[in-house]
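>>> okay, here's the prediction I keep looking at, along with the sequence it came from:
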Amino acid sequence: MTVTSRAANSSVPPITVNAKMNKDTNSFPSPMIVYAQVLQGYLPILGANVTAIIESNSGKTQVLELLDNGAGADTFKDDGVYSRYFTSYSENGRYNLKVRAHGGTHSARRSLQYPLNRAAYIPGWVVDGKIEQNPTRPETTEDTQTILENFSRTASGGAFVVSQVPDSTNVPLPDLFPPSQITDLDATSEGDHINLTWTAPGDNFDVGTVREYIIRISGNITDLRDNFDDALQVNTTDLSPKEANSKETFAFKPGNISEENITHIFIAIQSVDKSNLKSKVSNIAQVALFIPQADPVPDEENISAFVILGLANFT
């Protein structure tokens, strides 16, 4: 029996799914990453439900929801590339990858923008101690999207081989996977508070829930980047971490920073899992401090500093 198919409308490009792993061979405990690119022609499909099914040589199956949220294993948000870390190795040998993508009515959307340049976005740089900011990276909005009809696609991502996986028949595999790095830390000011938002990492990269967050601030970006553990720590007693890929929010008062003549407050986060493994330090967000000019007859008691949003992210 021979089965053939054709597009319902030859003028409309088909929706395609291309799946792959980040490498063909790997050794425990190095993680792997699953990628699935969902396109219609050259335009990315957003908001699709994309699932990876990974089957070992003995038939054990792992199911992963792939995400296009710009966090964890996913480098860029809304570019049509859905990603996730894979660390659930059950045995040595060959694994097979299959990816399913589907979109229900009003859930999946086609972006009218071509995928963004994959070069890393640099929001700004420091020149002679002053922050020079680049224009904001363009974001995808509903004005640049169209709703798609229902669709369903399945693609094979081929096979990969994993070695050096310890025998876990009687003893569970050790926890060797830290939380993933937070890369979308954002900061805004509201009165005397600084509001932070970021995407939650997981206990194992982007899966599970971390135990705690360590938030530190400094008036010097270089000190915070190079000596994070020595920077002033923010009290996070009331901050309960959410499950991986949830949106986290936290507000705090910056308090007193020891540096004199500071013009900015820089903020960064590190995550800690249940085995006390720590993530890499996050991107650095900043809030700028400005002193208003004094009146012609200044009154020293009425001069006050106020915080204005000066958001920028540095990695």
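In hand now; what should we look at? Please read all numbers here as calculations on a predicted model, not as lab measurements.
>>> contacts only, for residue 211.
The contact partners of residue 211, by CB atoms under 8 Å, 6 or more residues apart in numbering, come to 203, 241, 272-274. Yep, even glycine has a C-beta here, placed from its N, CA and C like the rest.
>>> weed out the non-buried ones from the residues you listed.
By neighbour count, with 16 or more other CB atoms under 10 Å, these hold 203, 241, 272-273 as buried.
>>> with secondary structure and pLDDT added, can I get those residues in a markdown table?
As requested, the buried ones among the contacts of residue 211 are arranged in a markdown table below (DSSP: H, G, I helix; E, B strand; the rest coil; pLDDT from 0 to 100):
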| residue | secondary structure | pLDDT |
| --- | --- | --- |
| 203 | coil | 96 |
| 241 | coil | 98 |
| 272 | strand | 98 |
| 273 | coil | 97 |
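>>> would you point out the most distant pair within the contacts of residue 211?
241 and 274 (10.8 Å; CB to CB).
>>> residue 180 contacts residue 199, correct?
No - here residue 180 lies out of contact with residue 199, judged by CB atoms under 8 Å, at a distance of 9.4 Å.
>>> related to what we said a few turns ago, quick check, nearest of the contacts of residue 211 to residue 92?
The closest of the contacts of residue 211 to residue 92 turns out to be residue 203 (CB to CB; 24.1 Å).
>>> residue contacts, the closest one?
Counted by CB under 8 Å, 6+ apart, residue 203 has contacts 175, 177, 179, 209-211, 244, 273-274.
>>> worst-scoring helix or strand of the chain, pLDDT-wise?
Every helix and strand of the chain was ranked by mean pLDDT, DSSP states H and E. The lowest is strand 306-308, at a mean of 43.
>>> got the contacts of residue 203 as a markdown table, with secondary structure and distance to residue 13 columns?
A markdown table is the format used below for the contacts of residue 203 (DSSP: H, G, I helix; E, B strand; the rest coil; distance: CB to CB, whole Å):
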| residue | secondary structure | distance to residue 13 |
| --- | --- | --- |
| 175 | coil | 45 |
| 177 | coil | 39 |
| 179 | strand | 39 |
| 209 | coil | 40 |
| 210 | coil | 41 |
| 211 | coil | 46 |
| 244 | coil | 34 |
| 273 | coil | 43 |
| 274 | coil | 46 |
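>>> looking at those, which is nearest residue 20?
residue 177 (21.4 Å).
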